[in-house]
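1. Just a sequence and a predicted model for now, questions to come.
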Amino acid sequence: MTMEEDRQHLAEDDFRRERIWLAPSAFALSNGCDPPISDRVSEEVWDHLIHLPDDVAIRTTNWIGSKVGLAHEVSMQWLFACPFDPEGAPYAPEPAFLAAEEFEALEFAALHGYYRQALGCLRNALETMTHAAAMAATSRMDDFAAWRRGEREPRFYESRKTILESQIGMQIEGNLESGSLFGGLDADGWLAILYKRLCAYAHSQAGFNNAHFWESNGPVYRPQAYDLVIDELRETVAVSYVLLRICWPAFKLPTDLSTLLGEPALNDWPRNAQRALVAAFAESSFTGLGGAP
């Protein structure tokens, strides 16, 4: 357990000091009162599970709180762009909200220093949106329904290839000024390259895991790792907007994408994203990297 002399208590006026337990009435599905507390965890187990992640969360919000806000803004912009029940877009709502859950889980995990686990959420989101877009692009509602019932397990390569060869996929590829979004058989497109990298996090490959990020046992506060999480989140959300457009033809981009596409970035992906969004939406009414494209 953590020794008392190793603990620094937050100031009394720090809103992060208080831990609360929400009343049942705070939840939409609540149908009564909580039962009496009957099996509380031991202090030793609680200390082991909570104190290091709490330390990372406090350090992260002490010194890079604006970056926490940036990640939250990108995640919430996607959530509020999600369709609730759009007419003529049956492929969009559930996959889009599943992706939103992954983006919010990323926020929480990264805040507490579990950077690899946070990044692993992105592969789930990208896979879900790619499969949905492939079935939407080819009007395969029976396959979509079977997939959502757990009776079908599509493969990422097959879904990416389906989009590439579909009418909407070829249209988007044809609108690109340069490069490829969905990629050919050599998997040289942006979507395939991003997916391969996200798989490395999901599989904890060398250089893509917490041992590499922390350089210690952990969780441990590492601002560079948090920067990586933000950029991978932003790139995945940018691609997912294109996939959502395929699922939902009437979808309109948020009008201000400056947070999503702005610097700093790990590489030149914001410019690739800008070109892909213009190609997919055939418009330039959004504010992005360096202003309107």
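-> Here it is on my side, so go on. Since the model is a prediction, treat every value here as computed from it, not as a measurement.

2. Residue 273 reaches residue 236, doesn't it?
-> No: checked against CB atoms under 8 Å, the pair residue 273 and residue 236 is beyond contact range at 10.3 Å. Every residue, glycine included, has its C-beta placed from N, CA and C.

3. and residue 95, what does it touch?
-> Neighbouring residues of residue 95 by CB atoms under 8 Å, 6 or more residues apart in numbering: 128-129, 131-132, 247.

4. what do you get for residue 175?
-> By CB under 8 Å, 6+ apart, the neighbours of residue 175 are 278-280, 282.

5. could those residues go into a markdown table alongside secondary structure, distance to residue 193 and pLDDT?
-> As requested, the contacts of residue 175 are arranged in a markdown table below (DSSP: H, G, I helix; E, B strand; the rest coil; distance: CB to CB, whole Å; pLDDT from 0 to 100):
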| residue | secondary structure | distance to residue 193 | pLDDT |
| --- | --- | --- | --- |
| 278 | helix | 19 | 91 |
| 279 | helix | 17 | 93 |
| 280 | helix | 17 | 94 |
| 282 | coil | 24 | 78 |
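
6. Of those, grab the buried ones for PyMOL.
-> This is the PyMOL syntax for the buried subset of the contacts of residue 175, where burial follows 16 or more other CB atoms under 10 Å:
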select buried, resi 278+279+280
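
7. quick revisit: narrow the contacts of residue 95 to just the buried residues.
-> Among the contacts of residue 95, those scoring as buried are 128-129, 131-132, 247 (criterion: 16+ other CB under 10 Å).

8. can I get those residues in a markdown table with secondary structure and pLDDT?
-> Output for the buried ones among the contacts of residue 95, formatted as a markdown table (DSSP: H, G, I helix; E, B strand; the rest coil; pLDDT from 0 to 100):
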| residue | secondary structure | pLDDT |
| --- | --- | --- |
| 128 | helix | 98 |
| 129 | helix | 98 |
| 131 | helix | 98 |
| 132 | helix | 98 |
| 247 | helix | 96 |
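
9. Arrange these in JSON lines, one row each, with distance to residue 85 as further columns.
-> JSON lines is the format used below for those (distance: CB to CB, whole Å):
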{"residue": "128", "distance to residue 85": "18"}
{"residue": "129", "distance to residue 85": "18"}
{"residue": "131", "distance to residue 85": "20"}
{"residue": "132", "distance to residue 85": "16"}
{"residue": "247", "distance to residue 85": "13"}
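
10. Between those, which sits nearest residue 205?
-> Closest to residue 205 out of the buried ones among the contacts of residue 95 is residue 128 (21.7 Å), distances taken as CB to CB.

11. and the closest one, what does it touch?
-> 95, 98-99, 102.

12. and of the residues you listed, the nearest to residue 145?
-> Distance to residue 145 across the contacts of residue 128 (CB to CB) is lowest for residue 95, with 12.7 Å.

13. if I look at that closest one, how far off is residue 132?
-> Here the criterion is CB to CB, to the nearest Å. By it, residue 95 lies 4 Å from residue 132.

14. can you list residues touching both of the two?
-> Here residue 95 and residue 132 have residue 247 as joint contacts, going by CB under 8 Å, 6+ apart.

15. quick one: low-confidence parts of the stretch 151-293 of the chain?
-> 184-187, 283-293 (pLDDT under 70).

16. all helices in it, in order from the N-terminus.
-> In the stretch 151-293 of the chain, the helices defined using DSSP state H, counting those that start in this stretch lie at 156-165, 167-175, 190-202, 210-214, 223-247, 258-261, 269-281.
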